[in-house]
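the sequence and its predicted three-dimensional model are supplied below.
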Amino acid sequence: MSKASADLLCFSGLRGGYGDTTVLKGIDGGVREGQTLGILGRNGVGKTTLMRLLAGYLQPFSGEISWKGKDYGRLAPFKRSRLGLAYSPQEQVVFDELSVADNLVLHLDSRDLSRYAPYLQAFPRLKERLRQRAGTLSGGEKKLLAFVRVLAEGKALSLLDEPTEGVQQENIDLMADLLRQRAAQGAAFIIVEQNLEFLRQVMDSLLVLDHGQCVAQGRAAEFDRARLAGFLHV
Ligand SMILES: Nc1ncnc2c1ncn2[C@@H]1O[C@H](COP(=O)(O)OP(=O)(O)OP(=O)(O)O)[C@@H](O)[C@H]1O
Ligand SMILES: [Mg+2]
């Protein structure tokens, strides 16, 4: 198994927020091909805001984001998508009025579900509900649906905002397996997570946020479970 080490996405001095409220006060980080960067922090510290900045749904007040060494500038989200970025937000992850199957093919040229075969095999609950309105799924099942869609997209980098929220433990373990398989093929991920076991299974490096600032950053091996849990205590 060979992992390329080229820088894929890099951000520095990232400041951003809403109106005249600064949420992020200068964040540096990045991720390489085949690597997973975890983002950890208590509620309201700015994790989702960081994801929105990286995805292009929010413009930074200042700072830089680069893609393969080139300035990402203020590229619109669809242009970032063309370059190879996928984004699965924390909330409103599926189209409730569409069927599960339609949610999976919406962004594709054809209605062919074959690319989803391994995922539907891993998560039979989704397969059983293909014809059902996505709005009838539980919160955790919606998260799984969004996860499957993003993984099958096969983008170079996927941003996942709390993908395991509400998902059953056995499925969380399967999600970790599927993520590691994609990473072994060279895909990169930036994942906001509160589930420490999941995070420990998938992350290569970690960035910890508190009050809009980075309070710890490093390789996965530098963070045992107790240290991780300490960052979530108030
Ligand atoms: N659209 C918005 N307009 C104004 N303020 C916002 C908006 N979205 C988030 N905020 C504020 O920005 C701060 C950071 O929110 P953010 O959603 O980035 O935190 P988070 O770390 O993702 O939290 P959580 O763990 O609850 O998902 C919070 O104080 C929040 O109230
Ligand atoms: Mg959030």
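Perfect, I can see it now. Residues are numbered from 1 along each chain as shown. Ligands and ions are numbered 1, 2, ... in the order given.

up against ligand 1, what does this protein have?
Within reach of ligand 1 by C-beta under 6 Å from any ligand atom, the chain has these residues: Tyr18, Val23, Gly41, Asn43, Gly44, Val45, Gly46, Lys47, Thr48, Thr49, Gln90. Backbone N, C-alpha and C define where each C-beta goes, glycine included.

just checking, which of those residues belong to helices?
Taking DSSP state H as the definition of helices, the residues of the chain next to ligand 1 contribute Lys47, Thr48, Thr49.

return a ChimeraX selection command for the buried portion of the residues of the chain next to ligand 1.
Applying 16 or more other C-beta atoms under 10 Å to the residues of the chain next to ligand 1, the buried members can be selected in ChimeraX as follows:
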select :23,41,45,46,47,48,49,90
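
nearest spatial neighbour of Leu157, chain-adjacent residues omitted?
In this structure, Leu157 finds its nearest non-sequential neighbour in Ala188, 4.5 Å apart by C-beta to C-beta, 6 or more residues apart in numbering.

model confidence for that neighbour, exactly?
Looking at Ala188, its pLDDT stands at 98.

how deep is Gly19 tucked in, by neighbour count?
Other residues lying near Gly19 total 5 when counted by other C-beta atoms under 10 Å.

for it, what are phi and psi?
phi 60, psi -130 (degrees, to the nearest 10).

how about Glu165?
According to degrees, to the nearest 10, Glu165 has phi -50, psi 120.

pretty sure Gly13 contacts Glu64?
Yes - when contacts are counted by C-beta atoms under 8 Å, Gly13 is listed as touching Glu64 (6.5 Å).

which residue ranges form the strands in the protein?
7-18, 21-32, 36-40, 62-67, 70-71, 85-88, 157-161, 188-192, 205-210, 213-219 (DSSP state E).

among these, which is nearest Lys142?
When those are compared by C-beta to C-beta, strand 85-88 sits nearest Lys142, at 10.9 Å.

list the contacts of that closest one.
9, 51, 54-55, 57, 67, 77, 81, 146-147, 149-150, 153, 155-161, 163 (C-beta atoms under 8 Å, 6 or more residues apart in numbering).

ok, that strand near ligand 2 or not?
No - on the criterion C-beta under 5 Å from the ion, strand 85-88 is out of touch with ligand 2, staying 12.2 Å away.

near ligand 2, which residues of the protein show up?
The chain comes close to ligand 2 at residues Lys47, Thr48, Gln90, as judged by C-beta under 5 Å from the ion.

mind checking how far the last one is from Ala220?
According to C-beta to C-beta, to the nearest Å, Gln90 stands 23 Å off from Ala220.

pretty sure the residue nearest to Leu157 contacts Gly30?
No - using C-beta under 8 Å as the test, Ala188 is too far from Gly30 to be in contact (9.8 Å).

can you add pLDDT and give the ones in helices among the residues of the chain next to ligand 1 back as JSON lines?
Formatted as JSON lines, these follow (pLDDT from 0 to 100):
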{"residue": "Lys47", "pLDDT": "98"}
{"residue": "Thr48", "pLDDT": "98"}
{"residue": "Thr49", "pLDDT": "98"}
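
just the closest of the residues you listed to ligand 2, please.
Relative to ligand 2, the closest of those is Thr48; by C-beta to the ion it sits at 3.2 Å.

where in the chain is pLDDT low?
Along the chain, the model assigns pLDDT under 70 to residues 1-6.

next, count neighbours for the closest residue to Pro118 other than its chain neighbours.
Of all residues not flanking Pro118 in the chain, Leu178 sits nearest, at 7.9 Å (C-beta to C-beta, 6+ apart). For Leu178, the neighbour count with other C-beta under 10 Å is 19.
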